[in-house]
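S.K.: quick one: sequence and predicted model below, then my questions.
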Amino acid sequence: MITSMFWPFALKAIVERHNKLQITPDGATPESTFYSMAPNKISVGNYHTLFCPVYVLDSRLHSAGSIGPPKWEPRSRIGIYLGHSPFHAGNVALVFNPTTGYVSPQYHVVFDDDISTVPYMLKAQIPPNWEELYNSSTELATDEDFNLAQSWFNEQANTVDVDK
């Protein structure tokens, strides 16, 4: 399943982890040194095992006003984690959909970092650790669009007196 077409994602993940996770004795990362920033806290919870199975919530369940999929359909679909999305928040995952062959950013995801669900997938069984996986390895983000131009450039709301 993991073929050479995924090499660019592996290289991107290696570079990202090198720049954000390699710490010098003074606590700086290459990224904070490059940008001349003070070292900040690293959120290791945002980093997951590359190419691990992920379970993506059916979009009909997190859409406003939707009643969700029919009872007999699964509530999530399986995918493969390919790293962080470079165009979204740090906790938005890039997920390969083996059914369609497409890679897309996903927001409501459960990660199987230990790859413990694979044997149960082959048997079409629910893994015994599913509840623990859900409680400890879930990331939620929003795909809601915000009109930042309206809030940032609204003159009545953002008047600042620079003489103070």
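M.R.: Arrived safely, thanks for sending. Residues are numbered from 1 along each chain as shown.

S.K.: need the longest helix for the protein.
M.R.: helix 7-21 (DSSP state H).

S.K.: list the buried residues of it.
M.R.: Going by neighbour count (16 or more other C-beta atoms under 10 Å), the buried part of helix 7-21 is 9, 12-13, 20. (C-beta placed from N, C-alpha, C; glycine too.)

S.K.: can I get the very next helix or strand once past that helix in CSV, CA atoms only?
M.R.: Using DSSP states H and E, the helix or strand that follows helix 7-21 in sequence is helix 30-34. Output in CSV follows, covering the C-alpha atoms of helix 30-34 (Å, rounded to 0.1, in the frame of the first residue of the first chain):
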residue,chain,number,x,y,z
PRO,A,30,16.1,25.6,13.6
GLU,A,31,12.8,27.3,12.8
SER,A,32,13.0,29.7,15.8
THR,A,33,16.6,30.5,15.0
PHE,A,34,15.8,31.2,11.4
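
S.K.: picking up where we left off before, which one of the buried residues of helix 7-21 sits closest to S116?
M.R.: Each of those was checked against S116 using C-beta to C-beta; the closest is A13, at 21.0 Å.

S.K.: looking at pLDDT only, which of the buried residues of helix 7-21 scores worst?
M.R.: Scanning those for pLDDT, the low point is K20. It has 78.

S.K.: wouldn't that residue be in contact with T33 here?
M.R.: No: K20 is beyond contact range of T33, at 11.7 Å (criterion: C-beta atoms under 8 Å).

S.K.: now for the longest helix of the chain, which elements pack on it?
M.R.: Counting contacts by 3 or more C-beta pairs under 8 Å, 6 or more residues apart in numbering; DSSP states H and E, helix 7-21 is packed against helix 30-34, strand 76-84.

S.K.: could you identify the helix or strand that succeeds the first one?
M.R.: It stands for helix 30-34. Counting by DSSP H and E, the next helix or strand C-terminal to helix 30-34 is strand 53-57.

S.K.: tell me which strands that next one pairs with, and in which orientation.
M.R.: strand 76-84 (antiparallel), strand 108-111 (antiparallel) (DSSP bridges).

S.K.: quick one: closest of the ones you listed to G101.
M.R.: Evaluated over the strands paired with strand 53-57, closeness to G101 peaks at strand 76-84, with 11.2 Å, by C-beta to C-beta.

S.K.: what residues does that closest one touch?
M.R.: 1-2, 6, 9, 12-13, 16, 46, 48-58, 90-99, 103, 106, 109-111, 121 (C-beta atoms under 8 Å, 6 or more residues apart in numbering).
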